[in-house]
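J.: any chance you can model this:
(chains A and B)
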Amino acid sequence: MLADYSVQHSLRRETKMAKDLVNTLADLKEQEAVKIVKDRLNAGEDPLKIMGDARKGMEIVGKRFASSEYFIPDLVYSGEILKAVTELVKPKLAKATESKKLGKIVFGTVAGDIHDIGKDIVVFMLDVSGFEVHDLGVDVPTQKFVDKIKETGAPIVGLSGFLALAFDSMKDTVEAIKKAGLRDKVKIMIGGGQITDEIKNYTGADAYGKDAMTGVTLAKKWVGAS
Amino acid sequence: MSSDEKQEALFQKWMSPEGVQFKSPEAEKLYKERATRIKNAVQLKKKPDRVPVFLIPSFAPAYYSGLTPREAMYDYEKTNQAWKKFYLDIQPDAHFGAVAPGPGKFFDILDYKLYKWPGHGVPEDTTYQCIEGEYMMADEYDALMQDPTHFFNTVYLPRIFGKLEPFKQLPNLTTFVEIYGTGITFFPYGLPDVQAAFKALLEAGSEALKWMGYFGAFFKEMTELGFPAGQVGYTKAPFDIIADTLRGTRGVMMDMYRQPDKIIAAMDAMLPFWIQKGAIEAKMGGCPIIFIPLHKGADGFMSNEQYKKFYWPYLKKIIVGLVNEGVFPFLWAEGGYNSRLEIIRDLPKGKTAWLFDIVDIEKAKKALDGIACVCGTMPTDLLTVGNPQQAIDHAKKCIDVAGKGGGYIMSNGAFFDNVKWNTLKAIVETVKKYGVYK
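T.: The predicted model follows:
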């Protein structure tokens, strides 16, 4: 009886703490989230479970961003909290525990443009939404996109750019993908401050996302996960 | 003088510039017409004869004349010629200086680290780009606030100019008032690396002076040709001062959570410097219109709640501070601004103009009608890939909606570079024909 009670009590306690981590992360309470993770690790809890809860918290963050409750500072800060949580949990994670991914995406800021904040936010949201993102960085030459698509077999490509010169770089990149015979194997999304439907048509991309969550929605749609 | 009288005096100086020999009676007539048109549009007191049209280019005039942005930053004479050709060919209602972001050589001499520019980190035929970073650390707010000038001289400038790194050793001269302690205070000026840094600064200063010669000559010639200056200087929103190139976008977003009070206190500390900058440049340039480019308060960059806490109150302080000095703030909301329209209505009437990049122009006009002049919004995608007919349709729509009753200036919404010239010209021509008030 006593043993039973203690198991139940500890289960209840674990569920409560799990819920706490999901909520504190979703509410962007950095110190509380870090403390809960430390406590749970000290209590010997399965680190995978902790990461699972962190992901649930991030899902809520994503939803709040999509519904305009959260904005870019909140997203960036949530990323910082997740980073702190991951750093605590990672050393305790056994290898071969990679969770199953929704699909691969090749992503980068196009040639001539070095802006990375928008790109990083989209990459981050795709990553926490379960995609395996191959981030090629900024000022990425067209050939590098082509090579990475071949190497990974990714069915989705994301092209980011802030400057007007990126319109042509995006167009060139889409062309290069076409020339390499890969155009019908990939869906291409573009995004950035000055991107519109007009520019989507100009570049020959399949779609544009006005913000990070639109990018996630598009990617999920394209892999049939939505 | 009251602030209204101060502003009127600055406007009069701008409308009747002293000592100018216009190239022709026609040029003089055009100058007066254009200046009057702009003044009436921005002050909201009178309906202008037609909607004014501005073109505020980045490197567009260089591309228009077949110069690379690199040449535009390094060859000041070629830049002046290219910019002149651009304005003479297209004939907007104001010029905005040949302000290619030169002098390129200045940046070379001092090893500028804040930007990449054509031929220095980015190709010669593309525009400059800012390198995001934390140029002020999270724990340096107190040092900034305590003594902004000393912080800039000994911490910030040594970080953004490689050649000024030895300035880290410079003393704070506000502690020198006696005969004792002289050597202890001033010895850093004798250090070989500090002296080398000063030599570099003197050399860079000579280059800046050379550039100013061309810059001034351009202003003079454009005035003589009948083009008033659309603005003569700039200042910044306090949040952007901290967020753009001190703490950086990421840094400031962390601070909004971890040390919000420090951001607010730092903005208050920076305010007087940046109000003074705008007031000095307006007086020096003989024009009341001062630009305030707005960055991190754009749609999506923060919530309205955050905007009301961190952005608007301090931007408003800059605006009111400038207005008190007779300056006419010309705010340039880069990016989207739809979500802020209701908030920015809280302004003295007829004292500001707002240039929008991406906005629902109908909503903007409705929100600011009778409060501020609305400017914009030729979109970048239209200028870059649109055809002349699309441009004409767009211009007409803007004039119908925002031009009603005056208080509107047609303008590009974002800096532009290599665009479709026929599309650009079609917009200007449409405004001149279709934008006449009857």
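
J.: quick check: phi and psi on B:Asp299?
T.: Main-chain dihedrals, B:Asp299, degrees, to the nearest 10: phi -50, psi 130.

J.: do the one 3 residues further on as well
T.: Dihedral angles phi and psi of B:Met302 (degrees, to the nearest 10) take the values phi -160, psi 170.

J.: could you point out the helix or strand that follows the lengthiest helix in chain B?
T.: Scanning chain B for the longest helix, with DSSP state H as the assignment, gives helix B:192-224. The first helix or strand that comes after helix B:192-224 along the chain, using DSSP states H and E, is helix B:238-245.

J.: same for that next one, what does it pack against?
T.: When contacts are defined as 3 or more CB pairs under 8 Å, 6 or more residues apart in numbering or on different chains; DSSP states H and E, helix B:238-245 packs onto helix B:248-258, helix B:260-285, helix B:312-324. Quick note: C-beta positions are derived from backbone N, CA and C, even for glycine.

J.: mind checking how far that helix is from the chain centre?
T.: 14 Å (CA atoms, centre = their mean, to the nearest Å).

J.: could you give the mean pLDDT of that helix?
T.: The pLDDT scores in helix B:238-245 average 97.

J.: okay, buried residues for that helix please.
T.: By neighbour count on 16 or more other CB atoms under 10 Å in any protein chain shown, the buried set for helix B:238-245 is B:Pro238, B:Phe239, B:Asp240, B:Ile241, B:Ile242, B:Ala243, B:Asp244, B:Thr245.

J.: give me the angle between it and helix B:260-285.
T.: 100 degrees (axes from the mean of the first three to the mean of the last three CA atoms, to 10 degrees).

J.: related to what we said a few turns ago, between the helices and strands packed on helix B:238-245, which gets nearest to chain A?
T.: Closest to chain A of the helices and strands packed on helix B:238-245 is helix B:248-258 (CB to the nearest CB; 4.0 Å).

J.: could you find the closest non-adjacent residue to B:Thr182?
T.: Closest residue in space to B:Thr182, ignoring its immediate chain neighbours: B:Phe176 at 7.5 Å, by CB to CB, 6 or more residues apart in numbering or on different chains.

J.: now do the contacts for the one you found.
T.: Counting by CB atoms under 8 Å, 6 or more residues apart in numbering or on different chains, B:Phe176 makes contact with B:Thr182, B:Thr185, B:Phe186.

J.: the last one and chain A: what is the separation?
T.: Noted for B:Phe186: a distance of 42 Å to chain A, by CB to the nearest CB, to the nearest Å.

J.: show the model's pLDDT score for residue 40.
T.: All of this refers to chain A. pLDDT, read off for A:Arg40, is 94.

J.: that was the other one, I meant chain B.
T.: Looking at B:Asn40, the pLDDT reads 97.

J.: that one reaches B:Arg50, doesn't it?
T.: No. Using CB atoms under 8 Å, B:Asn40 is not in contact with B:Arg50, being 10.2 Å away.

J.: give me the more crowded residue out of these two.
T.: With neighbours defined as other CB atoms under 10 Å in any protein chain shown, B:Asn40 and B:Arg50 compare such that B:Arg50 has more, 22 against 19.

J.: any idea how far the nearest residue to that one once chain neighbours are set aside is from B:Asp125?
T.: Closest residue to B:Arg50 apart from its sequence neighbours, by CB to CB, 6+ apart: B:Val436 at 4.3 Å. B:Val436 sits at a distance of 39 Å from B:Asp125 (criterion: CB to CB, to the nearest Å).

J.: settle it for me: which of the two has more neighbours?
T.: Taking other CB under 10 Å, B:Val436 and B:Asp125 do not tie; B:Asp125 has more neighbours (19 against 13).
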